[in-house]
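Asks: sharing a sequence plus its predicted fold:
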Amino acid sequence: MLNEFDLNALIVTLKLAAISTVILLLFGTPLAWWLSRTRWKLKALLEALIALPLVLPPTVLGFYLLIALGSNGPLGEISQWISGQPLAFTFAGLVVGSVIYSLPFVVQPLQNAFSSIGSRPMEVAATLGATPVDRFLTVAVPLARTGFVTAAVLGFAHTIGEFGVVLMIGGNIPGETQVLSIAIYDHVEALEYGNAHWLAGGLLLASFITLVVVYSLNRRFSLFKGGD
Amino acid sequence: MLNEFDLNALIVTLKLAAISTVILLLFGTPLAWWLSRTRWKLKALLEALIALPLVLPPTVLGFYLLIALGSNGPLGEISQWISGQPLAFTFAGLVVGSVIYSLPFVVQPLQNAFSSIGSRPMEVAATLGATPVDRFLTVAVPLARTGFVTAAVLGFAHTIGEFGVVLMIGGNIPGETQVLSIAIYDHVEALEYGNAHWLAGGLLLASFITLVVVYSLNRRFSLFKGGD
Amino acid sequence: ADELRVAVASNFYSTIKVIAEHFELKTVSSSGQQHKVILIPGSSGKHYAQIINGAPFDIFFSADTERARLLEQEGKVDSGTRFTYALGKLVLWSPIDNYVDLQGKVLSKKDFRYLAIANPKLAPYGKSAEEVLKSLKIWASLKGRLVRGENIAQTFQFVSSGNAKLGFVAYSQIRTPDHTTGGSFWEVPQSIYRPIEQQAVLLKDSALAREFLSFVKSDESLSIIYESGYGLP
Amino acid sequence: MGIECRLKTTHSNFSLDVDLSISLKGITAIFGPSGSGKTTLLRALAGLEKNNGYLKVGDAIWESEKHFLPTHLRSIGYVFQEPSLFQHLSVRGNIEYGYKRSKISDQSVMEKAIELLQIDHLLNRKAAELSGGERQRVAIARALSSAPKILLMDEPLASLGEKHKKEILPFLELLHTELDIPIIYVTHSVDEVAYLADQLILLDGGKVSASGEIAEMLTRLDLTLSHGERAASLIQAIVGEYDENYKLTYIDFSGGRFTVPRKQLSKGDRVRIRIEARDVSLTIHQQSETSILNILPVIVDEIADEGDAQVLVKLRVGNDLLLSCITRKSAQQLDLKVGKKLYAQIKSVALLS
Amino acid sequence: MGIECRLKTTHSNFSLDVDLSISLKGITAIFGPSGSGKTTLLRALAGLEKNNGYLKVGDAIWESEKHFLPTHLRSIGYVFQEPSLFQHLSVRGNIEYGYKRSKISDQSVMEKAIELLQIDHLLNRKAAELSGGERQRVAIARALSSAPKILLMDEPLASLGEKHKKEILPFLELLHTELDIPIIYVTHSVDEVAYLADQLILLDGGKVSASGEIAEMLTRLDLTLSHGERAASLIQAIVGEYDENYKLTYIDFSGGRFTVPRKQLSKGDRVRIRIEARDVSLTIHQQSETSILNILPVIVDEIADEGDAQVLVKLRVGNDLLLSCITRKSAQQLDLKVGKKLYAQIKSVALLS
Ligand SMILES: Nc1ncnc2c1ncn2[C@@H]1O[C@H](COP(=O)(O)OP(=O)(O)OP(=O)(O)O)[C@@H](O)[C@H]1O
Ligand SMILES: Nc1ncnc2c1ncn2[C@@H]1O[C@H](COP(=O)(O)OP(=O)(O)OP(=O)(O)O)[C@@H](O)[C@H]1O
Ligand SMILES: [Mg+2]
Ligand SMILES: [Mg+2]
């Protein structure tokens, strides 16, 4: 059954996943757009850089983040200077970690979706008097809808399931940095298999229903596209 | 420096990532193609199912895979029956786990890429006498090239960085199932930070170079596409 | 040459590595062939789950007594082989020199934002830390300042990276055979916590396994264990 | 040899329902207003549109209740309404795509097409680097490269200028005369219909409103084709003598002889002549001292209104038919009646092939 | 008021290099073979193609060395060569896209366009569910909906049939007469040029080969336009009386009067008349008893060869020019010379607007 800690963890998890996804989309969208349009020579370097965190085990990435966020680390000093306290063991720190780790899952589908639009629809919108921002929002974004669904699903789900980074820099503080994935993990480690099954099962079921709804909606709308 | 175990881990890792990526592409490509074309009512269910493993923390997913693949689990018994040993704690088991866990990263970009091709190029190829398989290989696949790059990069990198699942079902047996991510993690856990930095740094550098090459090549070819 | 697969709690990994090297050298000189001890570090909870599901380990060095005992109950263990191989000692450590005093009074001063402990639910060192804080009657008042590592290694990283000013870590972590880590520490007196009994069990009987176990119990090993910061059983 | 088809295809707001037989000799034009189902019909013939129906081509059954021959086995060439080039291939790659999949080893049709469509200088370009007309020409060459047994073309020349049209039309003509490839050809252009078509199918609202031989269809006063500015009649004729002095060729037909500017023709060639209704004026007596060379005796066959002020007159000349469009005023002045004998002055004669 | 432009744009194998001034009164046609740079020029005017140059429209400088006005600030309407509808919007959404971004609140142009282009029944469709011609009509309506100051159209009618063309052309005419929207119009069709254009720019290989007033350009015997089947001349004229009896309208011009079938015109209207060269025959004496109503006295102005067997004769009638294409044989028989007086029989006259 869901005890108080698990419930807290659920809330923190949803908050973390939601906020991270929003930030990922807010940052990732312009970045992906820029990458899909630029002819910059060094573009491949930036693309590689974005995908790079993937190859590190999350706990190891978390370890380096921990060092970077620590009192002697570069990020730690900056955040200390801004907010008066280090980022480690705070919810904000988790968000930073999740965003870095999930960035490629958001940027890559978006970049692909934007690329496949081609330049024509944007040109048409320009001739119809739409400003760059306007045409981005009213043409590029809706045409890249499936890319956004993929980006959001991968980003959100991956943040829910993410665990290594969070474990490393979160400090497992109930109500603040203890997320569901760690709660389930703890149950497994503590040999409380019953609780683990319950939590994991619930999480799977809820996620499954959410995903089915998301994909169904995407499909409903996608009927608008189709054709050649 | 690279000790014997680390070297072993490197080899196992590359083998695992390569084999998993190949299998992922082999399975994921027809699956993504089918998903991009079908009008099946229950498609959203399948799509949700593919994305589902993502929401579980990898160690927890690994735990359940361990139960399924272990000597008492259903899959374990089948494989015991076929090959005389359970899948857990073998290299083959790692491949199974990695494939399940990385599936969404491969299927989703491919599915999006296939969808954005539209039906016209395939129709044209059919009128020119290309069989379904022929036109899939000579039209759909090259037109979805960027999707393949994304799928392969995410799949490969994610398998290299993957760790929770592998740790659980692999048992961390050097030379057999100990991969680089776990080796780095172990160094960190054992406070052997020097080794950890070396290994992580080398992995990052090698991955970075590989990624830059992949993206540059993709861009070179993509000049062929462009336009409207 | 034969291979021996030894699952070992992460905190004991660097210690047993030294023991295993000695053992390998010794078997070479005695029997003329080099046996191999393959060490598999990990959390004890994970090892437990793996052993239950058929992991091909010969010996299991647990971080506590409980998992070893459970395995014995479930018949996964060669009966009568369970024994305590080391006693974990808890210290309150900070990388800052002269910060932790020799009585642990720093805990009551509370001029720190975070105190790191291992997760009491998972790690025996965490459970002991909880015991200490409770017997000092500051458990409740410190609750808001606790950050919990998944295991004792992570707890150490919280502190050593400077993210937590101090924390309860294993003595073995700041004291290795080669060197002692800097900073200041308070060795918690055994009067306010039960030292952490770490137990091992034999999973798959073999001559080599038994040979290794008796080597662990030998004086040569015990001195390594002691040097590494553990108490002796 | 022909195509028998009974096809039913439904879109959300539209349904095509045709029962047709199309001759596989020569060129069949499909003509009809925008949205009348021309593309849908072509797609159905190609197997790109699922439908319940029956389709037999020559001796082979392509579609029946139980059977549906997939597109790639139909041995067709298809020029889509939009060029639809493969963006991942060069121009050459596009053109060779079909050739490589055909069982023929003869590149001559492909080479001839490349030459005639004037795309040799584009072969190494990427598909995206072409102008609209260039894209369309490449698409035509591509459809030909697989040496299809039937060619389906959806407004292939719409985006091309007069100059290219003039060069491509004879080539299409050639395809069916020399290579015996029948063509089913969708077009909006009456000119193209008159130039190419042997048969004509009129589509409207998804139904066949009329179909038949081109010469008859063009002069049927009950169809819209015979009305409007470009109304014309077609006459089959045979090349006769050649006047070296004036560089003129004489062309004989059932009702007499035409004089036309010289063309690359030899005596005895069968040709097709197109005469626009508005190029035909009528006189009671045969006139002289005129720049008009072609004056023929005709008999009025039928008279129909053409708007308020004009009438369309169908004339019999020998066994052939002519259309003439004149004002009602002239008709009254000439006292036109069915059966009346007159002289037709033909200002201009277009030699089609 | 006009457009001054000096533009240079380079593609890999092609460069456009023009120095032009285009009047902003009326319709300017851009005419040229496939691949001559028509689309490139239009794109450059719209700001879709970067180039180093100078572009001044009316009083506003759109491009100079330092300055580049982005497309969305140029207040243009652009009909692309391919319809390019927004796939994520309905037909209505496509059309209203420009309207919503314009500062006008008057929907009448948009509604008029929807009505005339006959797309009202399609408004709720998805863009992918249209036929080729329907797509193109929606694209035209969309370009108009933003009430542009200049309309750029790239072969807008190529995919449409005669029927729709005939309905849309007068509407485009209306746009510039009533709403004062100048149009720059790329086309392959000489018919459309003659119907619409006030000015004509001939492009070839990226360069302007000639430009000027339409009537003059059409009759310049040194340009290809005056040769070929569709060669024609244009005459400005004024509507005169109406003959109730025969439903005929008389149209006066500098050289006399034409008789044409009645049109919806009122006395005094300015109209444009197109006379194809092959519709003009020549006689030495004025003939009677003919169905030809329009017979005018003319003077031979210039004679040029038209192939081996024909000659093209430029004729002066009043202040206007006529072209006549006749056989060399007839020319000899009539003893044609510059300055000779003759009668032109005009079989057919097209009233354009
Ligand atoms: N995918 C579709 N969904 C719904 N309706 C469609 C679809 N495709 C075509 N239609 C409708 O079917 C009718 C016939 O279309 P079709 O493309 O066959 O016309 P067409 O004769 O080729 O016209 P055009 O000359 O404009 O190309 C049109 O009214 C069109 O709107
Ligand atoms: N993106 C491009 N890259 C390279 N060359 C191009 C590109 N776009 C057009 N061209 C070339 O530039 C020339 C002019 O093209 P443009 O599209 O302006 O021709 P056009 O006059 O519009 O022809 P059409 O009547 O066929 O549409 C053509 O030769 C074409 O091949
Ligand atoms: Mg069509
Ligand atoms: Mg063009």
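Replies: Everything's here; your move. Ligands and ions are numbered 1, 2, ... in the order given.

Asks: tell me the centre residue of chain A?
Replies: Centroid check for chain A by CA atoms, centre = their mean gives A:G155 as the closest residue, at 3.4 Å.

Asks: then the strand or helix carrying it to PDB, C-alphas only?
Replies: According to DSSP states H and E, A:G155 maps onto helix A:145-161. Presented in PDB, the C-alpha positions along helix A:145-161 are these (Å, rounded to 0.1, in the frame of the first residue of the first chain):
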ATOM      1  CA  ARG A 145       3.500  18.100 -33.400                       C
ATOM      2  CA  THR A 146       4.500  14.500 -33.500                       C
ATOM      3  CA  GLY A 147       8.000  15.500 -32.700                       C
ATOM      4  CA  PHE A 148       6.800  17.400 -29.700                       C
ATOM      5  CA  VAL A 149       4.800  14.400 -28.500                       C
ATOM      6  CA  THR A 150       7.800  12.200 -28.800                       C
ATOM      7  CA  ALA A 151      10.000  14.800 -27.100                       C
ATOM      8  CA  ALA A 152       7.600  15.300 -24.300                       C
ATOM      9  CA  VAL A 153       6.900  11.600 -23.700                       C
ATOM     10  CA  LEU A 154      10.500  10.600 -23.800                       C
ATOM     11  CA  GLY A 155      11.500  13.600 -21.600                       C
ATOM     12  CA  PHE A 156       8.700  13.100 -19.100                       C
ATOM     13  CA  ALA A 157       9.000   9.300 -18.900                       C
ATOM     14  CA  HIS A 158      12.700   9.400 -18.700                       C
ATOM     15  CA  THR A 159      12.600  11.900 -15.800                       C
ATOM     16  CA  ILE A 160      10.100   9.700 -13.900                       C
ATOM     17  CA  GLY A 161      12.300   6.700 -14.400                       C
END
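
Asks: let me see the mean pLDDT of it.
Replies: Taken as a whole, helix A:145-161 has a mean pLDDT of 90.

Asks: now swap in stretch A:69-80 and tell me
Replies: 74.

Asks: that stretch vs chain B: in contact?
Replies: No. Using CB under 8 Å from any CB of the partner chain, we find that stretch A:69-80 stays clear of chain B, coming within 13.2 Å at best. C-beta here means a position set from N, CA and C on the backbone, and glycine is covered the same way.

Asks: which outside residues touch that stretch?
Replies: When contacts are defined by CB atoms under 8 Å, 6 or more residues apart in numbering or on different chains, stretch A:69-80 is touched by residues A:65, A:67-68, A:85-88, A:93, A:96, A:169, C:161-163.

Asks: next helix or strand past the least confident helix or strand in chain A by mean pLDDT?
Replies: Lowest by mean pLDDT, DSSP states H and E among the helices and strands of chain A is helix A:74-83, with a mean of 73. Sequence order places helix A:91-117 as the next helix or strand after helix A:74-83, per DSSP H and E.

Asks: elements contacting that following helix?
Replies: helix A:4-37, helix A:43-51, helix A:58-69, helix A:145-161, helix A:164-170, helix B:91-117, helix B:145-161 (3 or more CB pairs under 8 Å, 6 or more residues apart in numbering or on different chains; DSSP states H and E).

Asks: relative to ligand 3, which of those is closest?
Replies: helix B:91-117 (21.7 Å; CB to the ion).

Asks: could you check the angle the closest one makes with helix A:91-117?
Replies: 50 degrees (axes from the mean of the first three to the mean of the last three CA atoms, to 10 degrees).

Asks: is any residue of stretch D:150-163 near ligand 3?
Replies: No. Stretch D:150-163 does not reach ligand 3 (CB under 5 Å from the ion); its nearest approach is 5.9 Å.

Asks: what residues sit buried inside that stretch?
Replies: Neighbour counts over stretch D:150-163 (16 or more other CB atoms under 10 Å in any protein chain shown) mark D:150-162 as buried.

Asks: okay if I get the residues you listed as TSV plus pLDDT?
Replies: Converted to TSV, the buried residues of stretch D:150-163 look like this (pLDDT from 0 to 100):
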residue	pLDDT
D:I150	91
D:L151	91
D:L152	94
D:M153	93
D:D154	93
D:E155	89
D:P156	86
D:L157	84
D:A158	81
D:S159	77
D:L160	79
D:G161	74
D:E162	72
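
Asks: just the ones in strands from the residues you listed, please.
Replies: D:150-154 (DSSP state E).

Asks: chain E contacts on the stretch 151-300 of chain D?
Replies: D:154-155, D:158-164, D:188-190, D:228-230, D:243, D:245-248, D:259-262, D:278-279, D:281-285, D:287, D:289-293.

Asks: which members of those residues are classed as buried?
Replies: For those, buried by 16+ other CB under 10 Å: D:154-155, D:158-162, D:164, D:188-190, D:228, D:230, D:246-248, D:259-262, D:278-279, D:281-284, D:287, D:290-293.

Asks: next one: phi and psi at the residue of chain A found nearest ligand 4?
Replies: In chain A, the residue found nearest to ligand 4 is A:R120; the distance is 13.7 Å by CB to the ion. Phi and psi for A:R120, reported as degrees, to the nearest 10, are phi -60, psi -50.
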